[in-house]
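1. The amino acid sequence is not available; the structure is as follows:
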Ligand SMILES: O=C[C@H](O)COP(=O)(O)O
């Protein structure tokens, strides 16, 4: 059986107490699930969620991380803080960070390297906007975000990296890329990885799809050869929906 990685990104939803009780419900309902699972609460909810999920089959993610080790960086959260709070995986380069907060590929790459140096797993998000897709720039954008995001990351560290392909126009809109469209882009990302590293590394890379994944479309998406998991936003906020996604049957 393929090893899928199904992750929930709660974005800026759920207070610390809501997140903690939600995690307790998820822990019970996801018991025995066979896929690799993760949830990413807001920074402030992480300690409570990590405490709740200790010893469970659900990893704890952070939605972002500082590019600096420590010091005068008002409002930022360092790798050591995340480690101490119980984080296993860090999501970096999410399109909302790129679009709203102006994060560049070089800046994201600093964070990727720092997170890997601190022993975290990384989910590196890449994806094109509708204008870029319609302007014929899909491949250029996805290639640049992948290659620049992984700059100076060695092939041996790649086993700690997951790529999440999230077409920006499909995020939170209810529009999903067709499974075939998504698979084509995933195959392209693998080609880029094979050119940059090796075909073995490209084959082994876990590539998640993100963008309006729901209980009703997860199976069809995951059936595709190059889709190895999902990064789920909206549908990860309800126990029944995320459980149906996380326990989908091939
Ligand atoms: O990180 C998750 C993605 O942005 C997808 O969000 P969505 O499932 O609400 O479309």
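-> Now that the structure is in, tell me what you want to look at. Computed from a predicted structure; not experimentally measured.
2. Nearest to the ligand: which residue in this protein?
-> residue 233 (2.4 Å; C-beta to the nearest ligand atom). From N, CA and C alone the C-beta is placed, and that goes for glycine too.
3. Give me the nearest residue to that residue, chain neighbours excluded.
-> residue 9 (5.3 Å; C-beta to C-beta, 6 or more residues apart in numbering).
4. Ok, residue 18 next?
-> Distances taken as C-beta to C-beta, 6+ apart put residue 45 closest to residue 18, at 8.0 Å, once the chain neighbours are dropped.
5. so the one you found touches residue 14, yeah?
-> Yes: here residue 45 reaches residue 14: they are 6.2 Å apart, a contact under C-beta atoms under 8 Å.
6. So between those two, which is more surrounded?
-> Legend: neighbour count by other C-beta atoms under 10 Å for residue 45 and residue 14, higher for residue 45 (23 against 18).
7. pLDDT of the strand or helix carrying residue 106, averaged?
-> Element membership for residue 106 (DSSP states H and E) is helix 105-117. Helix 105-117 carries an average pLDDT of 98.
8. Cross-check the contact I'm expecting between residue 224 and residue 181.
-> No: counting by C-beta under 8 Å, residue 224 does not reach residue 181; the two are 10.0 Å apart.
9. out of those two, which sits in the busier spot?
-> residue 224 (18 against 15).
10. ok so, going back, separation between the residue of the chain closest to the ligand and residue 249?
-> 22 Å (C-beta to C-beta, to the nearest Å).
11. Those two - which one has more neighbours?
-> Remark: of residue 233 and residue 249, residue 233 carries more neighbours, 20 against 7, as counted by other C-beta under 10 Å.
12. which residues touch the more buried one?
-> Residues near residue 233 by C-beta atoms under 8 Å, 6 or more residues apart in numbering: 8, 9, 11, 171, 172, 210.
13. I'd guess the fifth one is in a helix, am I close?
-> No: membership of residue 172 in a helix is not supported by DSSP: H, G, I helix; E, B strand; the rest coil, which gives coil.
14. any low-confidence regions in this structure?
-> For the chain, residues meeting the criterion pLDDT under 70 lie at 1.
15. Dihedrals phi and psi, the residue of it most remote from its centre?
-> Note on the chain: the largest C-alpha distance from the chain mean falls to residue 72, namely 27.9 Å (C-alpha atoms, centre = their mean). Main-chain torsions, residue 72, degrees, to the nearest 10: phi -80, psi 80.
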